[in-house]
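Participant: Quick one: sequence plus predicted model below, questions after.
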Amino acid sequence: MIPFNLKIFLFIVLVIYFLMVLKAVKKGTMPIKSSALWLFFGFLMLVLLFFPKFLVDVASLVGIKTISNLLLFGAVMALLVLAFDLYKLNNTLKRKNITLAQEIGIIKHELYKKK
Amino acid sequence: MKKILLIIPAYNEEKNIVKTVEAIKKYKKIKLDYIVINDGSIDNTKKVMEENDINFIDLPFNLGIGAAVQTGYKYALYHNYDIAIQFDGDGQHDINSVDKLIEPIINDDYDMVVGSRYIDNTSSFKSTFSRRAGIKVISFLIKMLSKKVLKDVTSGYRAVNKNIIEVFANYYPYDFPEPITNYALLKMGYKCKETGVNMFEREGGVSSIRALKSIYYMFNVCLSILLFNNKIFKGGVK
């Protein structure tokens, strides 16, 4: 059972989290498409905050003894997926960056030749 | 008359590049164009090339050997060249072997010809022991998987025809490009062969494959070959 004051504190943290995501979407720094994932994480945390028993059920279902271990495992997995996704994105951007640099080099060469 | 381009990647080659280009200019057996790709050199390579009126593309920053060579292939594609030849800027490759290299493309319709240090005994320079061992392992793996023999799999002295210029302009691996592209072309059914060429010992600069890195290099190349996917060469990275 989560103490009432902790519940309030975590709720405030979650509200700030939601505001941060929404502000990023509004400012255009986060595309609406990817905001869905972040909002989903927030929503999941909100559900767990008010229905923590759900965690106990899941922990016993997968054979994890303590809820904290389940949460830690979940957090590590979520971060791993995120890191993998960012790694892929980083490589795609690197390739695009290289393509741009190559084209700039060739165009500069053509311009220089015409002078 | 075939339009032929020499692609010369150069990174910090202020000491060698003029000599390399002078040798090409003196070579009169075949009409050759050349383009040096200055890959963001941090020494005086660019200045030296400007002073000596060398034809070069100046990349805005260092992209690495694979991307620099690919810039040359893109240039060859945009200028409608029939044959492109990779040629090192450090004076390692002998320009006098160039006719041997392009002959099979012109006469026998080959798509790619790799200049080899290990056949015909043309070359006195055979590379270091650790690198030679690595090359043997990679060559063996390629033989197992493609049933074709290619001895000098890491040779950066090679000629390709128009079809391959287009393939490489579209996609070119940035890490360990030579062995991977050699295997890729064999696997995709292109006609490739090896011919003996002369190579010299490096006159300056630092080889991109250092002795201690040979094992790591070999492991990475083998992994890339095992995970090879030819769709990437046909469609590029989406």
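Facilitator: Arrived safely.
Participant: Can you pull out the low-pLDDT segments for the chain?
Facilitator: Since no chain was named, I'll use chain A. Within chain A, the ranges that satisfy pLDDT under 70 run A:1, A:114-115.
Participant: you looked at the wrong chain, it should be chain B
Facilitator: B:121-127, B:202-212, B:235-238.
Participant: Quickly note the distance from the residue nearest in space to the middle of it to A:I67.
Facilitator: Chain B has B:G156 as the residue nearest its centroid, 3.1 Å off, counting by CA atoms, centre = their mean. Note on B:G156: its distance to A:I67, by CB to CB, to the nearest Å, is 58 Å. Backbone N, C-alpha and C define where each C-beta goes, glycine included.
Participant: Flag every residue of chain A that's near chain B.
Facilitator: Proximity of chain A to chain B (CB under 8 Å from any CB of the partner chain) is limited to residues A:T92, A:R95, A:I98, A:A101, A:Q102, A:E103, A:I104, A:G105, A:I106, A:K108, A:H109.
Participant: packing partners for the one helix or strand the first one maps to?
Facilitator: So the one you mean is A:T92. Applying DSSP states H and E as the criterion places A:T92 in helix A:67-114. On a contact count with 3 or more CB pairs under 8 Å, 6 or more residues apart in numbering or on different chains; DSSP states H and E, helix A:67-114 meets helix A:53-62, strand B:56-58, helix B:65-78.
Participant: Please give me every residue in contact with B:K193.
Facilitator: Residues in contact with B:K193, defined by CB atoms under 8 Å, 6 or more residues apart in numbering or on different chains, are B:P104, B:Y110, B:M112, B:V113, B:V114.
Participant: Out of those residues, which is nearest to chain A?
Facilitator: Of all the contacts of B:K193, chain A sits closest to B:M112, with 21.4 Å by CB to the nearest CB.
Participant: does the closest one really touch B:I165, like I thought?
Facilitator: No: judged on CB atoms under 8 Å, B:M112 makes no contact with B:I165 at a distance of 10.4 Å.
Participant: hang on, the residue nearest to the centre of chain B packs against B:G89?
Facilitator: No: using CB under 8 Å as the test, B:G156 is too far from B:G89 to be in contact (10.3 Å).
Participant: How many neighbouring residues does residue 63 have?
Facilitator: Just going to use chain A. As a burial measure, A:G63 scores 7 neighbours (other CB atoms under 10 Å in any protein chain shown).
Participant: oops, chain B please
Facilitator: For B:L63, using other CB under 10 Å, the count is 25.
Participant: quick one: A:M45 is in a helix?
Facilitator: Yes: counting by DSSP: H, G, I helix; E, B strand; the rest coil, A:M45 is found in a helix.
Participant: before we move on, what SS does the closest residue to B:A10 other than its chain neighbours have?
Facilitator: Nearest non-adjacent residue to B:A10, counting by CB to CB, 6 or more residues apart in numbering or on different chains: B:G89, 3.6 Å away. Following three-state DSSP, B:G89 is assigned to coil.
Participant: B:G89 and B:I7 touch, don't they?
Facilitator: No: using CB under 8 Å, B:G89 is not in contact with B:I7, being 9.9 Å away.
Participant: For the residue lying closest to B:Y27 once chain neighbours are set aside, list the residues it contacts.
Facilitator: Computed as CB to CB, 6+ apart, the closest residue to B:Y27 that is not its neighbour in sequence is B:I95, at 4.8 Å. With contact set as CB under 8 Å, 6+ apart, B:I95 has these partners: B:A23, B:I24, B:Y27, B:F87.
Participant: Show which residue of chain B lies farthest from the average position.
Facilitator: Checked over chain B using CA atoms, centre = their mean: the farthest-from-centre residue is B:E51, at 26.2 Å.
Participant: gap between the residue nearest to B:S224 when sequence neighbours are not counted and A:F51?
Facilitator: Nearest non-adjacent residue to B:S224, counting by CB to CB, 6+ apart: B:I180, 5.1 Å away. Plainly put, B:I180 is 52 Å away from A:F51 if you go by CB to CB.
Participant: which one of these two has more residues nearby?
Facilitator: Using other CB under 10 Å as the criterion, B:I180 and A:F51 rank with B:I180 on top: 21 against 10.
Participant: helix or strand right after the one helix or strand the more buried one maps to?
Facilitator: Secondary structure assignment for B:I180, by DSSP H and E: helix B:177-187. Next in sequence after helix B:177-187, counting helices and strands by DSSP H and E, comes strand B:192-196.
Participant: tilt between the helix or strand following that following strand and helix B:177-187?
Facilitator: Downstream of strand B:192-196, the first helix or strand assigned by DSSP H and E is helix B:214-226. Counting by axes from the mean of the first three to the mean of the last three CA atoms, to 10 degrees, helix B:214-226 lies at 30 degrees to helix B:177-187.
Participant: close enough to count as contact, B:D33 and B:I4?
Facilitator: Yes: if you go by CB under 8 Å, B:D33 and B:I4 touch, sitting 6.7 Å apart.
Participant: out of the two, which sits in the more crowded spot?
Facilitator: Counted by other CB under 10 Å, B:D33 and B:I4 do not tie: B:I4 has more neighbours, with 21 against 15.
Participant: so that one sits right up against B:H79, yeah?
Facilitator: No: in terms of CB under 8 Å, B:I4 does not count as a neighbour of B:H79; the distance is 11.4 Å.
Participant: and B:I30, what element?
Facilitator: Short version, using DSSP H and E: B:I30 is in no helix or strand.
Participant: Kindly tell me how buried the nearest residue to it once chain neighbours are set aside is, as a neighbour count.
Facilitator: Distance criterion CB to CB, 6+ apart; nearest residue to B:I30, sequence neighbours excluded, is B:D99 at 5.8 Å. When neighbours are counted by other CB under 10 Å, B:D99 registers 13.
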